[in-house]
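Chemist: quick one: sequence and predicted model below, then my questions.
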Amino acid sequence: MPESVGFSTWNGAPSYEFVDGVDIHAIGGDQVLMCRVVYQPGKTVPRHAHDQTEQLMAVVEGSVRMTIGDETRDLGPGDVVCVNRGIEQVHAPLRDSWSNNFILR
């Protein structure tokens with residue numbers, strides 16, 4: 001059995017500013033990373049890709065406009081997205097509101 005079973009929490013843990021106006025909590029293991037991402041109104045995660053990993057994103061609060069490759073969709077609570085490795089993506093909250101989502105890589 002591993003030394004640590006991997007229990008963790010975001011409760012009380014400080015976040016850090018990933019890009020201007022986008023705060024992130026990150027918890028990970030050897031091969032996986034889960035992030036809680038909170039966007040301030042009007043802030044965007046610029047176009048980027050993850051060459052080594054796929055990414056799952058679940059919107060839990062607010063709404064997000066997400067572009068994957070050339071396709072753009074508006075997402076809300078309950079929506080889940082899978083981005084294959086190497087595909088460019090952009091995401092930002094809609095309607096000048098906060099958004100909260102989870103990303104698993």
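Modeler: Alright, I've got the coordinates.
Chemist: neighbours of the residue nearest to residue 40 when sequence neighbours are not counted, just the number please.
Modeler: In space, and not counting its chain neighbours, residue 40 is closest to residue 21: 4.0 Å by C-beta to C-beta, 6 or more residues apart in numbering. Heads up, the C-betas are built off the backbone N, CA and C, glycines and all. Neighbours of residue 21 under the rule other C-beta atoms under 10 Å: 16.
Chemist: ok, now how distant is residue 21 from residue 86?
Modeler: Counting by C-beta to C-beta, to the nearest Å, the separation of residue 21 from residue 86 is 26 Å.
Chemist: what is the burial count for residue 63?
Modeler: A count of nearby residues for residue 63, using other C-beta under 10 Å, gives 17.
Chemist: if you could redo that for residue 9, that was the one I meant.
Modeler: Burial of residue 9 is recorded as 8 neighbouring residues (other C-beta under 10 Å).
Chemist: on the three-state scheme, it is what?
Modeler: What DSSP: H, G, I helix; E, B strand; the rest coil gives for residue 9 is coil.
Chemist: look up phi and psi at it.
Modeler: When read as degrees, to the nearest 10, the backbone of residue 9 gives phi -150, psi 150.
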